[in-house]
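In: coordinates only, sequence not included:
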């Protein structure tokens, strides 16, 4: 019988003993990975499977999905991104039953189907860091299946450029008597650097092929249109310059890619270099290369990495966080911490916004999840230090008034196909209801948004007094949509005179100037040139 | 000349070469620590000195303060807790000039004096994790001086039970070409476990004595009075039971210590074991021992540790996060993450509250700082997953309505000496103004508070409609203070009938029952007994 108070360590010990038959010390035999997992995992276990935003422990997920459901079943899967087909096979086959996740993306239709078929049960849907937070509370994993670039023969891990979430998952598991198994591309005698100590890792296994990783942060400048350039100019003049934004986070999307590519041209012409956009919390976007090369950027801390940026990063150690070996050190939890409490601005684009400024990227029928945007796109009320940008949003004169984070949402008034982006009710409301979610999956809440930017202009929502004025300011930039047609000319003129709404002409931004010649790079090829050939875009982005 | 884009690595290399004369590989000669620091640190450097909430790199801070200001001067100090006399000597002597910090505590009067004398300049005052967030943005350290329990001869570190902030400071420094120096109590051949890899550490040095650490989380049950017991009973019935709170964080203080000691007695009598208070994010409070021993607690994740709890923790591996070596794994950033996004309730006591529910622990003349409470004591608006407790605070029927974190503030209506705790204007407002702070140092903002608990009753602020009703609810529990005397009997009766205010009798809590016999432990000695002798209180808490 286990000692009282020591049942968890005893249970772990039994698992390790069962799996020892398939290992030489900490090194598992890849040919016996199925047997090893079956020995380590017990029915009903909470299993943290590393499926990050970018990298995927796909050798382990494929092996897990091939297990015999008679032996291993009813697992409770904890996973950031339900992104690969075999993740869903786990539920199809009964190996897993319940899931807590953050993002389903391309698999979201299948998630909805499995949910309807009663084969998949959702614990909750989270942002990335919320799910990790629960791993230190009540969702501690019994087993973690993670991935790294290399291991040594002791089980030390080198995560390399794509660290992302590995140390977090390993810490939550290893220090709560869970079993940590890491797939690696290669087992070597000497690691370039140790990222995770062998003391925290139980087994390593050499995968049949390098772990899967997606280039999610590459935006081809060819697809940036003139409306996005116009919005980018307004953002630079009407937000970054006006509020003196030096530390910031950009979401992904062509709107923010446009801003990145306008800094060395339009931004330079305004004399803003060194005054704005110095310190960044974001992944190594290729579209940031021209700004870096032009001397705009002091530092970039990253959640993850980006395929093709490895050699460029290695050659720019003054800019990026890198280790002694020269490769990037990314870390989602720390970059999220930086993005939440250390920078003054988040900007992201959305697909749909309601009259109150609530927004969502959910489209009907799909339960895609949240990813990381909500953790950046809100006013962090635990913040207590001031900065000029943060203070510039303080409108109250009350003795206990405080500043605010700049939370900027960009949206073109119409989506492709002439579908209005401004709507009475977000699709998210119906999707949430149909999926039985306790609250609608809103990505960014209107009361957290300080600025809305469309091709029509900027609504400075933080200045609006009360909900009615907020709605009028949003309507004033909502163009020819139904919401936009509610704007009254006289009211809008008043809002413009009070600086609550600004149109390009109010900002000194010329619509005529907004064309592609203003972009520092107009193609992936241009980005490669800017990088001196150091940036190596993935094949799908190459046109030559 | 340095390569363009590689000036930071080159600068680090030069520092390491200068210091090599005082080291054997990564091991610095403790007798030459002053020479080594003078070789490593350049005037104007940002130096992160580990002075956490609990542990202090005091060998290094003493050595730093003894340097020649002619050689090392105008440093920019980044430090959580300006807690030791030599921290202020740095400014007195001109070695440091600027500081970014989180908490000054006992040194706060001297901080104010140095500020007035123009010898100290404050960058900003933060919560702990905000300061770390900036270390990944624009306040990256050129040098970090940290502490750990042990190192091996390669420079691997064992932080042991008091990990706190070491990995965070090291990561921000090591991956941005900063120099990491760790003082350790002992250099050994083999570590019990590796907590920080040698790849991230430049030098280790054996300190002249073990690092300083304070037992900040020990509350002697002898000092818990009957009002605190009454409030504790109301909290258990009126908040924990009512909202079904299973995952939570307790601040320090006698109010919450009372709750911890009432669970195995009063909580048990209500049949609540297993239904509330299962998963905790808090330091290993000795007053939690009876609840743990009575089977209330499933897990405890910790920011830091607590002096005297080491052997008890080691003997309860089912409850605490521990490593393979059996000792506690604490980690402030992850516990803050858990506390922000993974638990449903924060409760803390305050010293002063205004009519709107804003509160502060600042007292006149002292600029103590923030510590960690604001990061727990706010509604985390980046949260997207639901729980029953979180949903129970959703009062709106709007399609995009969401839940809220329970943020509970406890305060006795009068402080010792008959000074009212409810005031028109927080002392923090004047302190902030006198210190030139851009915003008043409010600890918890009223609009984040969901419940206020006094010995009079509970104000369920989240239910109040509008500011005026909020103020009436606060007044209704503010007793005989000036604010409390504003309460009108009829209004209060209405608030009670609508469940916005509850007095003990409304909750079925008997004032007569609120006496010390209800505490599971009434002395430190009782706690030792509960622990089976495993808890070893520091001498100052021993009465035998």
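Out: Perfect, I can see it now. As the structure is a prediction and not an experimental result, all values here were calculated from the model. Numbering: from 1, shown residues only, chains lettered A, B, ... in the order given.

In: domain map for chain A?
Out: As given by the TED database, the domain ranges for chain A are A:10-213, A:221-524.

In: end to end, how far does the shortest one reach?
Out: Looking back up the chat, that one is domain A:10-213. Length of domain A:10-213, first residue to last, Cα to Cα, to the nearest Å: 36 Å.

In: report whether that domain contacts chain B.
Out: Yes: contact of domain A:10-213 with chain B (Cβ under 8 Å from any Cβ of the partner chain) involves A:100, A:124-127, A:129-138, A:140, A:156, A:168, A:171-172, A:174-177, A:191, A:193-200. Quick note: C-beta positions are derived from backbone N, CA and C, even for glycine.

In: just those: which are in helices?
Out: Counting by DSSP state H, the residues of domain A:10-213 next to chain B place A:129, A:130, A:131, A:132, A:133, A:134, A:135, A:168, A:171, A:172, A:174 in helices.

In: got a winner among the residues you listed for most neighbours?
Out: The most crowded member of these, judged by other Cβ atoms under 10 Å in any protein chain shown, is residue A:133 (31 neighbours).

In: report the closest residue of the stretch 301-450 of chain A relative to chain B.
Out: As assessed by Cβ to the nearest Cβ, chain B sits closest to residue A:342 within the stretch 301-450 of chain A, at 3.3 Å.

In: give me the neighbour count for that residue.
Out: Per other Cβ under 10 Å, the neighbour tally for residue A:342 reads 30.

In: got any ranges where chain A has weak pLDDT?
Out: A:1-2, A:365-367, A:544 (pLDDT under 70).

In: show me the longest helix that occurs in it.
Out: Chain A, longest helix under DSSP H: helix A:7-19.

In: quick check: next helix or strand after it?
Out: Downstream of helix A:7-19, the first helix or strand assigned by DSSP states H and E is strand A:23-24.

In: contacts for the helix or strand following that next one?
Out: The element immediately downstream of strand A:23-24 (helix or strand, assigned by DSSP H and E) is strand A:27-28. Strand A:27-28 is contacted from outside by A:19, A:22, A:36, A:153, A:155, A:181, A:187, A:203, A:204, A:205, using Cβ atoms under 8 Å, 6 or more residues apart in numbering or on different chains.

In: and if we set it to 6 Å?
Out: A:22, A:36, A:203, A:204, A:205 (Cβ atoms under 6 Å, 6 or more residues apart in numbering or on different chains).

In: farthest-separated two in the residues you listed?
Out: Farthest apart among the contacts of strand A:27-28 by Cβ to Cβ are A:22 and A:204. That separation is 12.6 Å.

In: quick revisit: return the member of the ones in helices among the residues of domain A:10-213 next to chain B nearest to chain B.
Out: Taking Cβ to the nearest Cβ as the measure, chain B lies nearest residue A:133 of these, at 3.3 Å.

In: hang on, the earlier thing: for the ones in helices among the residues of domain A:10-213 next to chain B, which one is nearest residue A:297?
Out: Among those, and counting by Cβ to Cβ, the member closest to residue A:297 is residue A:129, at 24.9 Å.

In: wait, isn't that closest one in contact with residue A:337?
Out: No: using Cβ atoms under 6 Å, residue A:129 is not in contact with residue A:337, being 8.6 Å away.

In: how many other residues sit next to residue A:423?
Out: Residue A:423: 17 neighbours (other Cβ under 10 Å).

In: pull the contacting residues for it.
Out: So residue A:423 contacts A:352, A:354 (Cβ under 6 Å, 6+ apart).

In: ok, residue A:410 next?
Out: For residue A:410, the contact set (Cβ under 6 Å, 6+ apart) comprises A:231, A:255, A:349, A:453.

In: tell me the phi and psi of it?
Out: Dihedral angles of residue A:410 (phi, psi; degrees, to the nearest 10) stand at phi -110, psi 140.

In: quickly list what it is bridged to.
Out: Beta bridges link residue A:410 to residue A:349, residue A:453, judged by DSSP bridges.

In: go on, the one 5 residues further on?
Out: Judged by DSSP bridges, the bridge partners of residue A:415 are residue A:419.

In: correct me, but it touches residue A:422?
Out: No: in this structure, residue A:415 is not within contact of residue A:422 by Cβ under 6 Å, at 10.3 Å.

In: name the element residue A:181 belongs to?
Out: For residue A:181, the element it lies in under DSSP H and E is strand A:179-188.

In: tell me what that strand is packed against?
Out: In terms of contacts (3 or more Cβ pairs under 6 Å, 6 or more residues apart in numbering or on different chains; DSSP states H and E), strand A:179-188 is packed against strand A:143-152, helix A:166-174, strand A:203-206.

In: out of the ones you listed, which comes closest to residue B:81?
Out: Using Cβ to Cβ, the helices and strands packed on strand A:179-188 put helix A:166-174 closest to residue B:81, at 23.8 Å.

In: so what touches the closest one?
Out: Residues outside helix A:166-174 that contact it (Cβ under 6 Å, 6+ apart): A:48, A:50, A:132, A:135-136, A:141, A:144, A:146, A:159, A:180, A:196, A:200, A:333.

In: what about the helices in the stretch 201-350 of chain A?
Out: Taking DSSP state H, counting those that start in this stretch, the helices of the stretch 201-350 of chain A run over residues A:226-235, A:242-243, A:254-262, A:268-269, A:289-293, A:310-314, A:332-337.

In: same check on the stretch 401-544 of chain A?
Out: So, for the stretch 401-544 of chain A - with DSSP H, counting those that start in this stretch - the helices run A:427-434, A:466-476, A:489-497, A:504-507, A:524-530.

In: tally up the residues packed near the closest residue in space to residue A:315 that isn't next to it in sequence, please.
Out: Among residues not flanking residue A:315 along the chain, residue A:534 sits closest, at 5.3 Å (Cβ to Cβ, 6 or more residues apart in numbering or on different chains). Residue A:534 has 17 neighbours, counted by other Cβ under 10 Å.

In: what's near enough to touch the residue minimising distance to the centre of chain A?
Out: Centroid-nearest residue in chain A, with Cα atoms, centre = their mean: residue A:372, separated by 4.0 Å. Residue A:372 makes contacts with A:127, A:128, as judged by Cβ under 6 Å, 6+ apart.

In: if we can go back for a sec, for the residue nearest to residue A:315, give its distance to residue A:313.
Out: Counting by Cβ to Cβ, to the nearest Å, the gap from residue A:534 to residue A:313 is 9 Å.

In: now residue A:54
Out: From residue A:54 to residue A:313 the distance is 15 Å (Cβ to Cβ).

In: which one of the two has more residues nearby?
Out: Of the pair residue A:54 and residue A:313, residue A:54 is the one with more neighbours under other Cβ under 10 Å, namely 27 against 24.

In: do I have it right that the more buried one meets residue A:305?
Out: No: using Cβ under 6 Å as the test, residue A:54 is too far from residue A:305 to be in contact (7.1 Å).
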